[in-house]
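> no sequence on hand, only this structure:
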Ligand code: KG4
């Protein structure tokens, strides 16, 4: 071939090669097994393709999650859940670019199931393994796109109120990977306050959603419960739980049917107190730091009272608020997959000898 053709041909070849490479989609399979939900999800270039969650009804009769039973249920659920997630996404496992899994925090036995499965799959498919911090994943759930045109993601920096059964934190989110906890509970989490007070009223487990449902028919100003006085942006909920317990104990002495007769008002007043406590510190942080981009995440973000409070603050103080879709509030693998997507882009991969951790900060 004449040498004058060689250079243009190489250029054309490079353009074709690079554009082919560019077109290759990043497909992340996420696996979540930190507590009592087994979940698998597929995210492709940041867009959700599937998010399958198998709950565990086995704990209901015990009034809380039994760790040993949770691990066993994860073992039973993990293969069908991953299978369904791939099927719903229309993705063959050979198309997966990397496997992201929740490394912690959570229940060690539960985490072991997801971790072991992810390790096995990444090794069998010879693709990268990506460990995910569960709390970081809750925050990054806001970046899951419903479709290619979804532009409803928060701008950095933003504040995220992370409220779940195990956490109540205000997080300053500076980038996908740079997050700082600026306030957190010094004792119980907000979800625990909902659940423990609900348990005292005999409302079953988890009580948060039941309190929410009953609160809709009750008067939030009927009863007043104590609010903590804590410095800075930290929270405390153990005092509220005790004050609620003592209040009921005294009222039940007078009228044994007090709870039954007043449960809607009790739930509404309890919910209002918890929401007020959460919003008060969040408002302070927003005001002090001059950040009006504010998000909420975690299981308690499903609470209708908290969601309404966000809407009110948005109108009153000009907050640009971000409330996750219901499916991304409780534990789910979509948030694990989206976090895995950003770690994949940064080339942050885990070694095959990675082990889960029960406790870890963000
Ligand atoms: O994030 P999550 O699913 O699990 C972890 O803690 O990791 O959060 C579960 C918590 C439970 O305490 C549950 O009662 C609470 O979220 N929760 C609610 C609502 N839905 C779930 N709390 C209040 N109102 C709700 N609608």
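Great, that's in hand. Everything quoted here is computed from the prediction, not taken from an experiment.
> the stretch 251-362 of the chain against the ligand: which residues are in contact?
Residues of the stretch 251-362 of the chain lying near the ligand by C-beta under 6 Å from any ligand atom: 298-300, 302-303, 330-331. To be clear about C-beta, it is placed using only N, CA and C from the backbone, and glycine gets the same treatment.
> touching, residue 319 and residue 286? I think so.
Yes: using C-beta atoms under 8 Å, residue 319 is in contact with residue 286, at 6.9 Å.
> counting by contacts, list what the strand or helix carrying residue 136 packs against.
Secondary structure from DSSP states H and E places residue 136 in helix 134-140. Contacts defined by 3 or more C-beta pairs under 8 Å, 6 or more residues apart in numbering; DSSP states H and E place helix 134-140 against strand 98-104, strand 158-163, strand 168-173, strand 293-297, helix 334-345.
> residues in contact with it?
32, 34, 102-106, 160, 162, 164, 167, 169, 171, 173, 176, 179, 295, 297-298, 331, 335-336, 338-339, 342, 361-362 (C-beta atoms under 8 Å, 6 or more residues apart in numbering).
> how about 7 Å then?
The contact list for helix 134-140, computed with C-beta atoms under 7 Å, 6 or more residues apart in numbering, reads 34, 102, 104-106, 160, 162, 164, 167, 171, 173, 176, 179, 297-298, 335-336, 338-339, 342, 362.
> and stretch 141-153, by the same measure?
Stretch 141-153 has contacts (C-beta under 7 Å, 6+ apart) with 43, 46-48, 154, 295, 297, 322, 324, 328, 334-335, 338.
> give me the neighbour count for residue 187.
16 (other C-beta atoms under 10 Å).
> in contact with it, which residues?
Residue 187 makes contact with 236-238, according to C-beta under 7 Å, 6+ apart.
> report the lowest-confidence entry in the contacts of stretch 141-153.
Within the contacts of stretch 141-153, pLDDT reaches its minimum at residue 324, with 91.
> I'd guessed it sits against residue 301; true?
Yes: contact criterion C-beta atoms under 7 Å: residue 324 and residue 301 qualify, at 6.2 Å.
> okay, those two: which has more neighbours?
residue 301 (26 against 22).
> chain neighbours aside, what residue packs nearest to the more buried one?
residue 329 (4.7 Å; C-beta to C-beta, 6 or more residues apart in numbering).
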